[in-house]
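Engineer: return atomic coordinates for the entry below.
(2 chains)
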Protein chains: 2
Amino acid sequence: MKEKLVIIGASAAGISAAFLAKKLNPEVDILLVRNVPNTPVPCGIPYIYGTLKEVSKNIISDQQLINSGIEIKIGHVTKIEPSSNFIIFDNGEKVFFDKLLLATGSLPFLPPIDGINLKNVYTIKKNPLELTPINDSLKDAKDIVIIGGGFIGVEMSEQIASLKGKAANVTIIEMLPYCLMTACEIDLCVAAEDEMKKLGINILTKSQVVSLSGDQNGNVSSVNLKDGKSLKADLVIIAIGAVPNTELALNSGIEGDKRSGIKVDKFLRTNFNNIYAAGDCVEKFSFVTGEPAPIRLASVAAYEGVIAISNLLGCKLINRGALGAFSTKIGDTALGAAGLTKEQCERANIEYIVGEFTGPDKHPATLPNTVANMKAILIFRKNSGLLIGGHIKGGESTGQMVNIVATAIQARLTVEDLYNMQVATHPLLTGSPVAFHINKAAEDAYIKYIK
Amino acid sequence: MKEKLVIIGASAAGISAAFLAKKLNPEVDILLVRNVPNTPVPCGIPYIYGTLKEVSKNIISDQQLINSGIEIKIGHVTKIEPSSNFIIFDNGEKVFFDKLLLATGSLPFLPPIDGINLKNVYTIKKNPLELTPINDSLKDAKDIVIIGGGFIGVEMSEQIASLKGKAANVTIIEMLPYCLMTACEIDLCVAAEDEMKKLGINILTKSQVVSLSGDQNGNVSSVNLKDGKSLKADLVIIAIGAVPNTELALNSGIEGDKRSGIKVDKFLRTNFNNIYAAGDCVEKFSFVTGEPAPIRLASVAAYEGVIAISNLLGCKLINRGALGAFSTKIGDTALGAAGLTKEQCERANIEYIVGEFTGPDKHPATLPNTVANMKAILIFRKNSGLLIGGHIKGGESTGQMVNIVATAIQARLTVEDLYNMQVATHPLLTGSPVAFHINKAAEDAYIKYIK
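Structural biologist: From the prediction side, this is the model:
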């Protein structure tokens, strides 16, 4: 009889695992279970509310899964029976598995404040049915408040402000001194905020929401801040992070913690030999520091999906931890970050040396559409010279340049490896060979090392 | 007394060396000697004849060199006296050096055919005085023939055809079956040729020029091919490669070969202890194979400039060889290549496994301006799984994506490292986290490995 592999969850971790499983072993029967009619592209969600305009344009097609011979089942699993190898659906249906991968993802974090159940208050859930009402509410909204200045909050504000222009008053509220500060160096945060300001977005940093108030119809009407201020609001979007979706696992005897996630070993195996877990639902540690780190990203989920499914099918791949590699584009400025910020180094008591370089993203800079001030900031461990963080701002090529940094961190390259690395350069596509951002930022750090 | 460092040549190798020397040791006196009034951006030269329109827009400014305290001297050095540490100019002037870096670059290869001295027959020299006449001749030219389908020839043809449109008949002649074939996989060559055809360029591959004919005024009038055909031509550009510029070195007792270049040890030192050499003038070997390889690129020159100057000033950096990392953009398609092609593997008797992936460069692919068929081709050594080549075609992000490959080759990453690498992904900037081109091409190869 064919081996039956069940995957619960069909976003980044589940999908990457399902595809790879079929390639590793075409003989295995794969059932991919999800509790949503179809899967939105997770990172594309903000773009529904601006560039794409429709939820339906941000859906991962099932066709490729089906073509690969992967069976898809839509349903809500309420219980796993690890002893008898069954999953049980809310309609009572039971499905047998030989091997199980949990990829149940995360849920929006809900702040413990009054008013979050008012009408026109939304969180961002990876469910098309929950994403569409936001689009409907946006049509008439005039005073839009986004709570949370992380990537999703910033991208949502940028998209909504671009779409609505002067027809709406868009405000973003962030507790920290800058938006995006948990992932990016301050230079990048400032660049993002500058672009947001150009779009007319009101940015309230160092601000904390204490409650939401409503009108007599139960619609949200204002957002109340800790400093006593109150903002008029007819649409509120809460985007202050995600918590691992562990309910099913914890209810089924699978070990874990509802804040940090499902507990796994280095192979991403749970406390049951034939049950593995991957993605946002799993506890995380940093690739760089080895310490616990709540890095919940689609790219980490895809990585873990690959590790977990390979091991479920007989390999012994070790989870090296979550890198934390991000990119985004706000207005005309793209930003990318991989690994640690200076602030994260300080909190972790890691001594570091920083190298920086600013220069044009094309050469000569007389070429049309040159971004003159593309900037790279590289952070190295002071003791070993290992690259542990990199932050880029510039034009669209930032999105792949930060992946040079991500690759270099994972390859454990040092300041010496990087300042004399050979790269492809071209007038229309990159900085010059004598002023390539990564090399020059590494050189800047290297000079500090040898002094 | 301050140490006197003389650098002969002020293109990629000389400039990168001069800047780094001042950083490594601000106390050293640096004289940068060149025999041209100013230095064109080498890779920018084709764009003079289209996008930029003027030679003056493609010049490396001296200001930054001067600001760094680097002295620039324009003159023609005719002899080096290694025994007495002097360089001698054509006007008899002698300049003392403690240490000397030769970065004399390369010269266009001239084919041994009749007619190359006719009027309106040009080669591409890194000298503004020699680049301007081409621009002048282009104005009235109607039948333009470019000999050589490497990067410079292809870019020149693309720029000239874009600029002149139907006012000219542009033909490119290449001996090999495809343009760009010495650096790129066939898929990329075909993509480039398709873009060239869209611009109306006539492409004659597998074609060899045997002579040029002229009219009674000494102007070129036709290009004659080996197969007997003759092409009407009032402007001919010869771009069939470069030879190391070794005359000065060889005339001064510095060892080398006029075809392969100045002979250097692993520190880029010549047969004289205080004379080093870097860039196109130096003999080359492949980073990947360790075998001699005529890889003459600005990025390699910049790399060697860094190695040589560091060693001249007391370090012991080892030259790891020339990677060969290229990128370009032809029409709307960008191409990038790093390391070996399949054909080069075969010629070197290296067994290999190839992984490929084609997917959109944004996600979801419904986003505006998505390039649907961005393609990555990765080549791994069959025995070790080491990455030894990568070839990308797609949109402009190709230019940095190929540098992920370049970094991975230099970091000596394997197929296993790459198929589960974490990268930053973003809807507007990259493919999806479950379909990132590099990872997926590596996965494709990995599946072949384990079968």
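Engineer: could you use CA atoms for every contact and neighbour count after this?
Structural biologist: OK.
Engineer: need the residues of the stretch 151-300 of chain A near chain B, please.
Structural biologist: A:298, A:299, A:300 (C-alpha under 8 Å from any C-alpha of the partner chain).
Engineer: wait, which of those is closest to chain B?
Structural biologist: Of all those, residue A:299 has the smallest distance to chain B: 5.0 Å, by C-alpha to the nearest C-alpha.
Engineer: the stretch 51-200 of chain A: helices as residue ranges?
Structural biologist: In the stretch 51-200 of chain A, the helices defined using DSSP state H, counting those that start in this stretch lie at A:63-67, A:128-140, A:151-164, A:186-198.
Engineer: export those to TSV and tack on mean neighbour count and mean pLDDT?
Structural biologist: Listed next are these as TSV, based on neighbours: other C-alpha atoms under 10 Å in any protein chain shown; pLDDT from 0 to 100:
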stretch	mean neighbour count	mean pLDDT
helix A:63-67	12	95
helix A:128-140	16	95
helix A:151-164	24	97
helix A:186-198	19	98
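Engineer: of those helices, which is nearest residue A:283?
Structural biologist: Each of those has some distance to residue A:283 by C-alpha to C-alpha; the shortest is helix A:151-164, at 20.7 Å.
Engineer: could you say what helices and strands the closest one packs with?
Structural biologist: When contacts are defined as 3 or more C-alpha pairs under 8 Å, 6 or more residues apart in numbering or on different chains; DSSP states H and E, helix A:151-164 sits against helix A:45-47, strand A:143-147, strand A:169-173, strand A:325-330.
Engineer: reformat the ones you listed as TSV; add mean pLDDT, distance to residue A:39 and mean neighbour count.
Structural biologist: Converted to TSV, the helices and strands packed on helix A:151-164 look like this (pLDDT from 0 to 100; distance: least, C-alpha to C-alpha, whole Å; neighbours: other C-alpha atoms under 10 Å in any protein chain shown):
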stretch	mean pLDDT	distance to residue A:39	mean neighbour count
helix A:45-47	97	11	25
strand A:143-147	98	24	24
strand A:169-173	98	27	24
strand A:325-330	97	21	26
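Engineer: tabulate the ones you listed (CSV), appending distance to residue A:250.
Structural biologist: Converted to CSV, the helices and strands packed on helix A:151-164 look like this (distance: least, C-alpha to C-alpha, whole Å):
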stretch, distance to residue A:250
helix A:45-47, 28
strand A:143-147, 30
strand A:169-173, 33
strand A:325-330, 29
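Engineer: quick check: buried residues in stretch A:220-227?
Structural biologist: By 16 or more other C-alpha atoms under 10 Å in any protein chain shown, the buried positions in stretch A:220-227 come out as A:220, A:221, A:222, A:223, A:224, A:225.
Engineer: how about those in JSON lines, adding secondary structure?
Structural biologist: Output for the buried residues of stretch A:220-227, formatted as JSON lines (DSSP: H, G, I helix; E, B strand; the rest coil):
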{"residue": "A:220", "secondary structure": "strand"}
{"residue": "A:221", "secondary structure": "strand"}
{"residue": "A:222", "secondary structure": "strand"}
{"residue": "A:223", "secondary structure": "strand"}
{"residue": "A:224", "secondary structure": "strand"}
{"residue": "A:225", "secondary structure": "strand"}
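Engineer: pick the one among those closest to residue A:142.
Structural biologist: The closest of those, once distances to residue A:142 are taken by C-alpha to C-alpha, is residue A:221, at 11.1 Å.
Engineer: pretty sure that closest one is touching residue A:230, no?
Structural biologist: No: if you go by C-alpha atoms under 8 Å, residue A:221 and residue A:230 don't touch, sitting 9.9 Å apart.
Engineer: so what's the residue count around the residue nearest to residue A:372 when sequence neighbours are not counted?
Structural biologist: For residue A:372, ignoring the flanking residues on the chain, the nearest one in space by C-alpha to C-alpha, 6 or more residues apart in numbering or on different chains is residue A:360 at 4.0 Å. By other C-alpha atoms under 10 Å in any protein chain shown, the residues close to residue A:360 number 23.
Engineer: out of the helices of the stretch 51-200 of chain A, nearest to residue A:273?
Structural biologist: helix A:63-67 (26.5 Å).
Engineer: picking up where we left off before, out of the helices of the stretch 51-200 of chain A, which is closest to residue A:276?
Structural biologist: Closest among those, once you apply C-alpha to C-alpha, is helix A:63-67, at 20.8 Å.
Engineer: what's next to that closest one, contact-wise?
Structural biologist: For helix A:63-67, contacts defined as C-alpha atoms under 8 Å, 6 or more residues apart in numbering or on different chains pick out A:18, A:19, A:71, A:72.
Engineer: what's the closest of those to chain B?
Structural biologist: Among the contacts of helix A:63-67, and counting by C-alpha to the nearest C-alpha, the member closest to chain B is residue A:19, at 9.3 Å.
Engineer: need the contact list for the closest one.
Structural biologist: Applying C-alpha under 8 Å, 6+ apart, the residues contacting residue A:19 are A:65, A:68, A:70.
Engineer: element containing it?
Structural biologist: Residue A:19 belongs to helix A:12-24 when elements are defined using DSSP states H and E.
Engineer: so after that helix, what's the next helix or strand?
Structural biologist: Helix A:12-24 is succeeded, C-terminally, by strand A:29-34 (DSSP H and E).
Engineer: now find how far off-centre the helix or strand following that next one is within its chain.
Structural biologist: Remark: after strand A:29-34, the chain's next helix or strand is strand A:39-40, criterion DSSP H and E. Distance, stretch centre to chain centre, for strand A:39-40: 15 Å (C-alpha atoms, centre = their mean, to the nearest Å).
Engineer: equivalent analysis for stretch A:201-208, please.
Structural biologist: Distance, centroid of stretch A:201-208 to centroid of chain: 22 Å (C-alpha atoms, centre = their mean).
Engineer: any idea what residue A:73 is bridged to?
Structural biologist: residue A:33 (DSSP bridges).
Engineer: wait, it touches residue A:31, no?
Structural biologist: Yes: with contact defined as C-alpha under 8 Å, residue A:73 and residue A:31 form a contacting pair (6.9 Å).
Engineer: neighbour count winner among those two?
Structural biologist: Ranked by neighbour count (other C-alpha under 10 Å), residue A:73 and residue A:31 place residue A:31 first, with 20 against 14.
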